[in-house]
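Trainee: got a predicted structure plus its sequence, pasted below:
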Amino acid sequence: MNPTTIHIIAGDQGSGKSTLMVQLLQEARLQQLRCGGFLAKGYWHCNKRSGFDLQLIDSGRVFPFCRDKQLPGWQPLRRFFFSQDALQAGIIEMTSIREHKIDLWLIDEIGPIELKGGLWHDLFADLVKNHEAPMVVSMRPDLAEEICRYFEIKDYLIHPVGETSASKLLADITYRVDD
């Protein structure tokens, strides 16, 4: 396989993209693969999704990342307020682990903010151009083609949520790597 293949987990908001990413991480770790990247875990308040926590995969550190309410020092962007400290911690960790052998990158999620140059834009653009390990990225299906064009991703496979499982996806990635 050409390790530049990017596997896209495509699903609408609330469809289970992050859940599938967590399951994929668990499957990869069972196979003793070293993973890097981040997960976006939904934060719920009063039975309403009101933000996301950022879990850095390599260290396991979790940061409050965005909320629907203003917190001191957090920057507004679209409907949420974002912690610049969490964003910076993610960038630092992912930049530093690129120097080590990573077997699989998991990026949960890339979307409209990155298309406008915000949040993970620079890190993701660099990772797309320079990664050597397979990458799995979650995104909304209606943005997949636009994101691939924008970031010049030419070799990708789309895996719709509900049509794949973590074990099937990991087997597909592993099969392609062994080619």
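Mentor: Alright, I've got the coordinates. Every value quoted in this text rests on a predicted model; they were computed, and no experiment measured them.
Trainee: quick one: which helix or strand includes residue 22?
Mentor: Taking DSSP states H and E as the criterion, residue 22 maps to helix 17-30.
Trainee: counting by contacts, list what that helix packs against.
Mentor: strand 6-10, strand 35-45, strand 104-108, strand 135-139, helix 166-178 (3 or more CB pairs under 8 Å, 6 or more residues apart in numbering; DSSP states H and E). Where C-beta positions appear, they are placed from N, C-alpha and C, glycine not excepted.
Trainee: how about residue 6, nearest residue that isn't a chain neighbour?
Mentor: residue 156 (4.4 Å; CB to CB, 6 or more residues apart in numbering).
Trainee: quick one: that neighbour from residue 98, how far?
Mentor: Per CB to CB, to the nearest Å, residue 156 is found 20 Å from residue 98.
Trainee: what's the answer for residue 54, then?
Mentor: Distance, residue 54 to residue 98, using CB to CB: 18 Å.
Trainee: again, but for residue 64
Mentor: Separation of residue 64 from residue 98 (CB to CB) stands at 25 Å.
Trainee: go on, residue 66?
Mentor: Remark: distance between residue 66 and residue 98 (CB to CB) = 24 Å.
Trainee: residue 139 now?
Mentor: According to CB to CB, residue 139 stands 21 Å off from residue 98.
Trainee: so what's the nearest residue to residue 160 once chain neighbours are set aside up against?
Mentor: Spatially, and ignoring its direct neighbours in sequence, residue 160 is nearest to residue 10 (5.2 Å; CB to CB, 6+ apart). Residue 10 is in contact with 17, 138, 139, 140, 141, 144, 158, 159, 160, 161, counting by CB atoms under 8 Å, 6 or more residues apart in numbering.
Trainee: okay, and for this structure, where does confidence drop off?
Mentor: Flagging of the chain using pLDDT under 70 yields the residue ranges 1-4, 175-179.
Trainee: which residues sit against the one helix or strand residue 146 maps to?
Mentor: Applying DSSP H and E as the criterion places residue 146 in helix 141-150. Residues outside helix 141-150 that contact it (CB under 8 Å, 6+ apart): 6, 8, 10-12, 110-112, 114-115, 139, 153-154, 156, 158, 160.
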